[in-house]
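> what follows is a predicted structure for the sequence shown.
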Amino acid sequence: MASTTRSVLKASRAAQFARAKSFSSSAVKNTSLKERLAQLIPAEIENVKAIRAAHGKKSFGPVLVDQLYGGMRGLPALIWDGSVLDAEEGIRFRGKTIPECQNLLPKAPGGQEPLPESLFWLLVTGEVPTQEQVTELSKDWAARAALPDFVEEILDRCPPTLHPMSQFSLAVTALNHNSAFAKAYQDGISKKEYWGPTFEDCMDLIAKLPNIAGRIYQNVFGQRKLPAIDPAKDYSHNLATLLGFGDNAAFVELLRLYITIHSDHEGGNVSAHTGKLVGSALSDPFLAFSASLNGLAGPLHGLANQEVLIWLRKMQSKIGENASDEAVKEYVWSTLKGGQVVPGYGHAVLRKTDPRYTAQREFALKHLPDDPLFKLVGQIYNVVPDILLEAGKAKNPWPNVDAHSGVLLTHYGLHQMQFYTVLFGVSRAFGVAAQLIWDRALGAPLERPKSYSSSAIEKIFKDKQ
């Protein structure tokens, strides 16, 4: 089944690439994102109809009982257009690898990393936007960035002991008060027009996240008043400024890379799937994304980079800085023998080094090659895979994105690990929002898979060998 699924995924990537190429060749370069999306929707509706007519009755592979008990791992069950994750190759955003995105997508003046605005355009349309289109998108988000007074009050009244992710979820949920989709649905909008107010909600959602994140950060960890959003600056620069790091050009560049590579990771991860599931009930994007955030807050998802950093610091305090490879190996073995996992290694799908890890490593080599924690991360990368293979502890002994991100953030002074998942949440909004828009445009149905009890499974296979 694995080879069949892999070939289907490769065929899917090829189809995505061909469609994106077709989109790009016909793109009108002076259109806004919403105008371009309106042009693309009719053709994509016909494309989906054609795929279902040609392949709708074909089997996508058998379902194993172990997959039901194993959290549906590897079970083909969702349509997610923004990205596809291949076990060997890693993530592609609309058919493009991370290095291709770094090369092709527009950047800030003097910058080297893609602007997240350009990645969102790519996720929504399948096209690489022009610099002018990205600039206009930055201005649009800046114009939408203000929070309602009552949302600011909700955040200001939260005790600083309330986890930043709980505050984040509260604020996003409260934005539902002004949902364009909820109002349009109540007014009886046609199903064919659902995507329009959904698009507006998604744009408002993404635009307001820096102000939410900045307010949480300053209320819990800071002492300063929040500056205003600068309409002349890009999304990442404004977010960095709200956090108090806007004067550090390297940190701003890191945020551009961070948001881009964390934005989407196909539809099966908890945060993405939750957003799609809740959105399928026609809950507005604010309610759908707040549900995503609650999933992201779990230690097996968005909190993983925090656990990596804790483990690294414990190791550093135990074996010291500039320790030998032998000392690192000994500490790793002691972790495994103590019944713990090596955080940041292994992945539910990937079977090679996560390209997102590689992108962050290249950033670190360029900007902080002598950072002690980064050097330790490099040592671990050299020794851990062999140890995990020898111990038989992982199908994938290679590092994932979480093995690196905390080290980069802490290097620039963002030491508050509890806040890291908020930044992950800001990023993940891009992928969830892009898919919600297309789900509305294509009329995606309510998600309702079939479940079975253990006794039902036993009954199905009774007397069958």
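Sure thing, it's come through.

> flag the shaky bits of the stretch 251-400 of the chain, pLDDT-wise.
The model of the stretch 251-400 of the chain has pLDDT under 70 over residues 393-394.

> which stretches of it form helices?
Remark: helices assigned in the stretch 251-400 of the chain by DSSP state H, counting those that start in this stretch are 270-280, 285-296, 304-319, 325-337, 355-367, 372-391.

> so which of those helices is the most surrounded?
helix 285-296 (a mean of 26; mean count of other CB atoms under 10 Å). For every residue, glycine as well, the C-beta is placed using N, CA and C.

> between helix 270-280 and that one, find me the angle.
Interaxial angle, helix 285-296 versus helix 270-280 (axes from the mean of the first three to the mean of the last three CA atoms, to 10 degrees): 150 degrees.

> and helix 285-296, what does it pack onto?
helix 164-174, helix 195-221, helix 270-280, helix 420-442 (3 or more CB pairs under 8 Å, 6 or more residues apart in numbering; DSSP states H and E).

> pick the most deeply packed of these.
Highest mean neighbour count of the helices and strands packed on helix 285-296: helix 420-442, a mean of 26 (counted as mean count of other CB under 10 Å).

> what's the distance between residue 234 and residue 242?
13 Å (CB to CB, to the nearest Å).

> the more surrounded of these two?
Legend: neighbour count by other CB atoms under 10 Å for residue 234 and residue 242, higher for residue 234 (28 against 25).

> tell me which stretches of the stretch 101-250 of the chain form strands.
Using DSSP state E, counting those that start in this stretch, no strands are found in the stretch 101-250 of the chain.

> at which residues are the helices of it located?
116-125, 131-143, 149-157, 164-174, 180-186, 195-221, 235-243, 249-262.

> can you say which of these is nearest to residue 95?
helix 116-125 (9.5 Å; CB to CB).

> what does that closest one rub up against?
23, 27, 33, 36-37, 40, 82-83, 93-94, 96, 101, 105-107, 127-129, 133-134, 137-138, 141, 206, 234-236, 256, 259-260, 263-264, 427, 430-431, 433-434, 437-438 (CB atoms under 8 Å, 6 or more residues apart in numbering).

> nearest to residue 168, of the helices of the stretch 251-400 of the chain?
Here helix 285-296 is closest among the helices of the stretch 251-400 of the chain (CB to CB), at 5.6 Å.

> starting at the chain centroid, how far to that closest one?
12 Å (CA atoms, centre = their mean, to the nearest Å).

> can you check what angle separates that helix from helix 195-221?
Using the same axes, to 10 degrees: helix 285-296 against helix 195-221 is 50 degrees.

> next, the angle helix 420-442 makes with helix 285-296.
Using the same axes, to 10 degrees: helix 285-296 against helix 420-442 is 140 degrees.

> what sits up against helix 285-296?
Residues outside helix 285-296 that contact it (CB under 8 Å, 6+ apart) are 165, 168-169, 172-173, 175-176, 179, 181, 198, 201-202, 205, 270-279, 283, 301-302, 421, 424-425, 428-429, 432-433, 436.

> same question, stretch 406-418
Under CB under 8 Å, 6+ apart, the answer for stretch 406-418 is 163-164, 217, 220-221, 243, 245, 248, 250-251, 254, 258, 305-306, 308-310, 312, 360, 363-364, 368, 371, 373-374, 377, 420, 423.
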